[in-house]
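1. Quick check, what structure comes out for this input:
(chains A and B)
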Amino acid sequence: MTAPVIKARNVQKSFGKLHVLKGIDLEIVKGEVLAIIGPSGSGKSTFLRCMNFLEEYDHGEIWFGDQLVGYRKAGNGALVKDKASRIAAIRTRMGMVFQNFNLFPHMSVLENVVEGPTVVQRRKREDVITQAKALLDRVGLSAKVDVYPEALSGGQQQRAAIARALAMDPEVMLFDEPTSALDPELVGEVLDVMRSLAADGMTMVVVTHEMSFAREVADRVMMMDDGNRVEIDTPEKIFTNPSHPRTAEFLQRVLR
Amino acid sequence: MDYTWHFQIVWDYRAVFVRGAIMTAQITFWATSIGLTLGLALGLMRRSQILLLRAPAATFIELFRSTPVLVQLVWIYYALPILTGLQLSNTASVSIGLGLHAAAYFGEIFRAGVNSISKGQWDAARAIGMSYTQSMRRIILPQAIRRMIPPFINEFASLIKLTTLGSALAVYELLHEANNLINSTYRPLEIYTVLAVAFAALIYPIIYASQRLEQRWQLHQ
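-> Below you'll find the model as predicted:
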């Protein structure tokens, strides 16, 4: 068994008095696709955002390879917030795709994809442009290279956002409800891109309401409720014979 | 109405108007420069999570927004030297006074502009590993500046008009030159009319340019 790419141990998070994560444990291995499901407000997006420290967890540990995410151990063993530059360096190795795409509206599709590698990784612009065009071709947007995001459909915007994340050559891709803001007829094109990524062996964590995607593509499915990890298992087990009544109840509601 | 206009007099004294306009432009230039530089700093400070930066910026901004400009200018010219021994010339007093005043408003425009950019843009910038400075420079500011332009132009136009307060400190800007001219020519109607037209000629092109810019930028917003 290889060492986990991401390891979370007793991760907790509060917004004021609201305890949104109540101690999550998780290990993800290289090449694995993990789907996180659960009712809204269960803390699944917050947990995902803790993985690249867009959200600061306040208890427990998240490890990315051999690096602690967001904190370092002080001399006395206590955790102190890490330097911003080290946190940023970890983020360059994890791609993230958002529910609302968050493309940069003042840049063309190509510029959106080229921005990170050139500005953050300081790679040569010509090389990055070649790579970016190949990525945009891969997500089916080669005709939209010079278009601005506002002229794209939601599905196209999300595919461009996936290309933007892939341009950093990430080791892991984090998806935060990538199809929730899409019209139903546009969901398929985004899921197709994600499917092909999974088939290529990309390590993926996907917070999703798309149960069929979780069932077909994920290697494991994690069910969350009320800030807790209810259970984690293979899709077959979760969808046909969940061990926890809360999972069964949730699935019964969403799969009607 | 049987008033006979004598615009010839104004034309004869056109050099006086040009001189006044140059002074008005100089004061506007310095006040805008001070206002932009200090305003940017104030806006950034007021957004800071550090109280030691945020509190002084907020105090400065609210102080200048809640007192009359004329009082600020007079205070700098008359009260500052008594309190600190620092006597500024009347032109410098007006330039700096209006600069500080503008900084308070520019600071607020800057802050509002940055705050108007959705949190998702910060998330996206951070997620590709950008630092605060990179996110600000590459992602947030280019979008925010487009939203700041209309209120900024408003404030700039208002600043040009505020230079007339310099006449209270005997600065030879347009209004003061005009008043002097009236004392020697007894032609207030012509002179004030020309003065109004001169200001309109200075300010309207700026407003027009900003409207055009706004329309163009709306294409990629």
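2. Name the helix or strand for residue 62, please.
-> I went with chain A, as the question did not name one. A:Ile62 belongs to strand A:59-64 when elements are defined using DSSP states H and E.
3. that's the wrong chain, I meant chain B
-> Per DSSP H and E: helix B:51-65 holds B:Glu62.
4. Let's test this: mean pLDDT of the helix or strand harbouring A:Gln252, rounded?
-> A:Gln252 is located in helix A:245-254, with elements delineated by DSSP H and E. Helix A:245-254 carries an average pLDDT of 94.
5. who's in contact with it?
-> The list of residues contacting helix A:245-254 from outside it, by C-beta atoms under 8 Å, 6 or more residues apart in numbering or on different chains, reads A:Ile37, A:Gly38, A:Pro39, A:His209, A:Met211, A:Met223, A:Asp225, A:Val230, A:Glu231, A:Ile238, A:Phe239, A:Pro242. Quick note: C-beta positions are derived from backbone N, CA and C, even for glycine.
6. Return the subset of those lying in helices.
-> Secondary structure defined by DSSP state H assigns A:Met211, A:Ile238, A:Phe239 of the contacts of helix A:245-254 to helices.
7. For the last one, which non-adjacent residue is spatially closest?
-> Okay, so that is A:Phe239. Spatial nearest neighbour of A:Phe239, chain neighbours left out: A:Arg215 (5.3 Å); criterion: C-beta to C-beta, 6 or more residues apart in numbering or on different chains.
8. separation between that neighbour and A:Glu189?
-> Distance check for A:Arg215 against A:Glu189: by C-beta to C-beta, to the nearest Å, it reads 19 Å.
9. Buried residues in stretch A:4-17, which are they?
-> Using 16 or more other C-beta atoms under 10 Å in any protein chain shown as the test for burial, stretch A:4-17 gives A:Pro4, A:Val5, A:Ile6, A:Lys7, A:Ala8, A:Val11, A:Gln12, A:Lys13.
10. Could you pick out the longest helix of chain B?
-> Assignment by DSSP H; longest helix in chain B turns out to be helix B:14-47.
11. what comes up buried for it?
-> Buried residues in helix B:14-47, defined by neighbour count with 16+ other C-beta under 10 Å: B:16-17, B:20-21, B:23-24, B:26-28, B:30-32, B:34-36, B:38-39, B:42-46.
12. what about that helix, distance to the chain center?
-> If you compare the mean C-alpha spot of helix B:14-47 with that of the full chain, they lie 6 Å apart, counting by C-alpha atoms, centre = their mean, to the nearest Å.
13. and the angle for the host helix or strand of A:Arg49 with strand A:59-64?
-> Secondary-structure assignment from DSSP H and E places A:Arg49 in helix A:44-51. With axes from the mean of the first three to the mean of the last three C-alpha atoms, to 10 degrees applied, the angle from helix A:44-51 to strand A:59-64 works out at 70 degrees.
14. Doesn't B:Tyr172 belong to a helix?
-> No: the assignment for B:Tyr172 is coil, going by DSSP: H, G, I helix; E, B strand; the rest coil, so no helix is present there.
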